[in-house]
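>>> build me a model:
(chains A and B)
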Amino acid sequence: MSEYAAAGVAIAAVGAALLAGVYFVAVFDRLIGALVEGRPLQWSRLLAEPVQSSALMAVQQRRTTERPDAPAWALAPALFAGLAAVALAMVPLDRDLVATDPATGFVVFSAAIAMVMIAVYLHGWSPNSAFALHGAYRYGAQALSFQIPFLLAMLATVLPAESLSIVEIVNAQESLWNVVRQPAGLPLYLVVGVAVSFWGPLNLPDGSDLAGGTSVEDSGLSRLLWKAARAAMLVSVAAMGAAAFLGGWWGPWLAGPVWVVLKTVALLGVLLASGHLLARVRIEQFVLVSWVVLIPLALLNVFVSGAFLL
Amino acid sequence: MPVFAVAGSGTREQVQDLRLDVHMQLVDTPRAATILLVAGAIPEELAEALARLHDSIPHPRCTVWWPLGAPSGAWLGSFPHHVAIEDQVPGRLTAIQRELLSGQRPSEPPILPDVDAAPWRGVGPFGQGGTGMTGGTPYGRPMAELGPDRDGLRLDVLPLTVGPFFPRFPAGLVLDAKLAGDILVEVAVRDNPFVTNSVRGNDRAGRGPFLRALTEPVSLAELELARARAHLRWVADALAACELAALGLRVLRLATAIMPGDSEPVESLARVLGWTQALGWSTRGVGRIEAAALEGLGAGPVARASGLPDDLRAQDQAYRDLGFEPIVQAEGDAAARWRQRLAEATQSLELAGRAGDRRTIPTGSIESPRGLLEPAGGPAARLLPLIPGLLEGMEWGDAVTTLVSLDLDLEEASAAAGQAHGEAVAS
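I've put the predicted structure just below:
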């Protein structure tokens, strides 16, 4: 019974963390937007607006299209949010404070990231709409390009830990964080992290040139859930970045979990700021840079990290 | 509150300024909106497309007409529902949305009948299968057909119509495109009601200084300040198209704040835009137009970005006295058009600062921010025929970037014709 209770607590904790993360992303993104715009900050507005617009979407009608794949349309945001939850569950808050720590945590996380392509593709394919499908195929091209550098950038962090467990990967950073040990790792991870959650400059599948891309036909609750799922994935990517490259719970003075949250917030700040400060990348360029620059760079990163351990 | 805005004749700037209000959220798809805001007069030809747009807004929904000087008879007869408002738009829209949500105001019923465009004859549990469901337009639905690809393969080619209210395009522009994957293999531009049929009766919005300068002397300082503002307004829109909406709002605010003689804010803006790569990876090499294709079109900054020193101002004695020299770029791509407009905005502010009380002499044509404007036609109408050849072979994203970089203002020409007509009647 207690096993089930522990699992229940872990699942509830991950869910609550994601929900809090999604709200935080919504507020933080508006905050950065207001700073970039140069508008005076109104904190009460910033804090209330995500709630108001969510409430509006929750009561709006869910429109449908001609001959949609209704089950897939309803399931895509759930799959996306579920994958974000799986990814976040691997991130330890402290040495003994983690939702789950399988010996293959790294593999589970990578698998969750790889499956995002299915969620986005389903979401674009199901409404039976040209722009949505177009966005879905773009994510296909984007995902095939970023997954190898993503995996390789993460793989380099496994080498010093000599383990695929995320807790061990963090543990191995006690004396030296991976961001210093493998200087190319974090920038690579962030570029690819923006691509995974298709935010800002790499928001190609849901881009403004497609009037919203895979979510062009979403209204009401479908729109709310898809937005929330995207924000959740961004939180998971930032949290894993904090664990794999910024030393997770390691840090002076403060308690471990506080450090994890602070580092996650810092990475979220970088990811969200990129959305307001960098122009959209052309898909052709992204594919080219991924294969010609990012993969060799990520391989080099693995080789150099390996050589230091010999 | 989420609003889908349609900018009718001469209301582009007013609709753009709505973005500055924190309560307004101008959305890209009607599915995300609660309010359909129609500004100014809409030609009757677009009534059905507007009705379709209206019907795809989720309940609760409401149509609001903001006439902006258009006479009450300008509202589309076939479009029954609307609330008309004159001013305090954000506040009124907020109140309307509150009424909708509390149930005080009923949600609008659909305008068009909710039926399939043609009977569906698929047989499977998801409506798939059946005979004759591949290729061509079975049962009224255009389907993908095989066609040659740039790699020498034969791939699906999907016919797609975009417009007339696509958020990145000027209202009224309709493209009939064929897409092979991400590539446009065929593009046709439909006749545009704003170009072919002048929508009149828009006094408040239509009387910009460039339209007035067609028929009366206007001070150079006023014209050049308006030119700099128009260029910055374009930058604001183009930034939104690069996914930089917040920065776009900053530029929009700057557009109303700039002063004659003080070009420093625009120069520092150009530096910031350099860091964002808006003039870099997202536009460099995209939508290159050869100078020869623009010869004699009077395409203003678009022509000058391709290296043609084509500017009516160079023939004006008042401008020559100020030492005016047209600025040109060499590359002719979308990035060059960005640089061109930023450089011209700087130049215009300096000219405005030095212009003193010099005035133009009306000659019936004027160099507007978009090019040669005369009652017989504006630059947009002359650029439209170039579009198919320019876009074919491009990826969709680049095609949108290119169209945005042309800054088409479709109803400028008819406004100019209306201006000349109005003056003739007045005298």
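>>> who are the packing partners of the longest strand seen in chain B?
The longest strand of chain B (DSSP state E) is strand B:154-162. Packing contacts for strand B:154-162, counted by 3 or more CB pairs under 8 Å, 6 or more residues apart in numbering or on different chains; DSSP states H and E, involve strand B:145-148, strand B:175-180. All C-beta atoms are positioned from the backbone trio N, CA, C, and that covers glycine.
>>> how far off centre is it?
25 Å (CA atoms, centre = their mean, to the nearest Å).
>>> and stretch A:185-199, by the same measure?
With CA atoms, centre = their mean, you get 8 Å for stretch A:185-199.
>>> quick one, helices of the stretch 301-427 of chain B?
Secondary structure of the stretch 301-427 of chain B (DSSP state H, counting those that start in this stretch): helices at B:301-305, B:317-321, B:334-354, B:379-383, B:387-391, B:396-406, B:412-426.
>>> what pLDDT, on average, does the stretch of helix or strand B:V272 belongs to get?
In the assignment (DSSP states H and E), B:V272 maps to helix B:264-276. Computed over helix B:264-276, the mean pLDDT rounds to 89.
>>> what angle sits between that helix and helix B:334-354?
170 degrees (axes from the mean of the first three to the mean of the last three CA atoms, to 10 degrees).
>>> quick one: name the residues of the stretch 101-250 of chain B near chain A.
B:101, B:116-117, B:120, B:122, B:126-127, B:158, B:160, B:166-168, B:179, B:181-182, B:239-247, B:249-250 (CB under 8 Å from any CB of the partner chain).
>>> so which of the residues you listed are in helices?
If you go by DSSP state H, those have B:L101, B:L239, B:A240, B:A241, B:A245, B:A246, B:L247, B:L249, B:R250 in helices.
>>> and the stretch 151-300 of chain A, which of its residues are near chain B?
A:200-201, A:203-204, A:207-212, A:216-220, A:223, A:275-285.
>>> ok, now with 7 Å
A:200-201, A:203, A:207-209, A:211-212, A:216-220, A:223, A:276-285 (CB under 7 Å from any CB of the partner chain).
>>> for B:Q97, helix, strand, or coil?
Counting by DSSP: H, G, I helix; E, B strand; the rest coil, the backbone at B:Q97 sits in helix.
>>> so how far is chain A from it?
8 Å (CB to the nearest CB, to the nearest Å).
>>> wait, that residue sits on B:P2?
No: when contacts are counted by CB atoms under 7 Å, B:Q97 is not listed as touching B:P2 (8.8 Å).
>>> what's the local residue count around A:S44?
Using other CB atoms under 10 Å in any protein chain shown, A:S44 has 7 neighbouring residues.
>>> now tell me which helix or strand of the chain has the poorest mean pLDDT.
Just so you know, I chose chain A. helix A:178-181 (a mean of 82; mean pLDDT, DSSP states H and E).
>>> my question was about chain B
helix B:203-206 (a mean of 45).
>>> after that one comes which helix or strand?
helix B:209-213.
>>> I'd like the average pLDDT over that next one.
84.
>>> low pLDDT regions in the chain?
You didn't pick a chain, so chain A it is. Residue ranges of chain A with pLDDT under 70: A:1.
>>> um, chain B though
Those would be B:117-122, B:126-143, B:195-207, B:413-427, if you go by pLDDT under 70 across chain B.
>>> mind giving me the domain split of it?
B:2-102, B:196-426 (automatic domain parsing).
>>> what sits against the residue most central in space within chain B?
Nearest to the geometric centre of chain B sits B:P170, at 2.7 Å (CA atoms, centre = their mean). Counting by CB atoms under 7 Å, 6 or more residues apart in numbering or on different chains, B:P170 makes contact with B:L408, B:D409, B:L410.
>>> so where does it fall, helix or strand?
Using DSSP H and E, no helix or strand contains B:P170.
>>> so how far is chain A from it?
Distance from B:P170 to chain A, by CB to the nearest CB: 15 Å.
>>> what's the burial count for A:A156?
26.
>>> kindly apply the preceding question to A:I113 instead.
Neighbour tally, A:I113, other CB under 10 Å: 27.
>>> for it, what are its contacts?
Contacts of A:I113 (CB under 7 Å, 6+ apart): A:A87, A:F150, A:V196.
>>> in which helix or strand does A:A48 reside?
helix A:43-59.
>>> what's the very next helix or strand once past that helix in contact with?
Per DSSP H and E, the first helix or strand lying C-terminal to helix A:43-59 is helix A:70-89. For helix A:70-89, contacts defined as CB under 7 Å, 6+ apart pick out A:14-15, A:17-18, A:99-100, A:108-109, A:112-113, A:115-116, A:118-119, A:122-123, A:125-127, A:222, A:225-226, A:228-229, A:232-233, A:235-236, A:239-240.
>>> buried only: go through those residues for me.
Among these, those scoring as buried are A:14, A:17-18, A:99-100, A:108-109, A:112-113, A:115-116, A:119, A:122-123, A:125-127, A:222, A:225-226, A:228-229, A:232-233, A:235-236, A:239-240 (criterion: 16 or more other CB atoms under 10 Å in any protein chain shown).
>>> may I have stretch B:300-312 exported as PDB, CA atoms only?
Taking Å, rounded to 0.1, in the frame of the first residue of the first chain, the C-alpha atoms of stretch B:300-312 are listed here in PDB:
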ATOM      1  CA  GLY B 300      10.000  53.500 -53.800                       C
ATOM      2  CA  PRO B 301      12.100  51.800 -51.100                       C
ATOM      3  CA  VAL B 302      11.700  48.400 -52.700                       C
ATOM      4  CA  ALA B 303      13.300  49.800 -55.900                       C
ATOM      5  CA  ARG B 304      16.000  51.700 -54.000                       C
ATOM      6  CA  ALA B 305      16.800  48.600 -52.000                       C
ATOM      7  CA  SER B 306      17.600  46.900 -55.400                       C
ATOM      8  CA  GLY B 307      19.900  49.700 -56.400                       C
ATOM      9  CA  LEU B 308      17.600  52.000 -58.500                       C
ATOM     10  CA  PRO B 309      18.000  55.600 -57.400                       C
ATOM     11  CA  ASP B 310      14.400  56.100 -58.300                       C
ATOM     12  CA  ASP B 311      12.900  58.900 -56.200                       C
ATOM     13  CA  LEU B 312      10.600  61.700 -57.200                       C
END
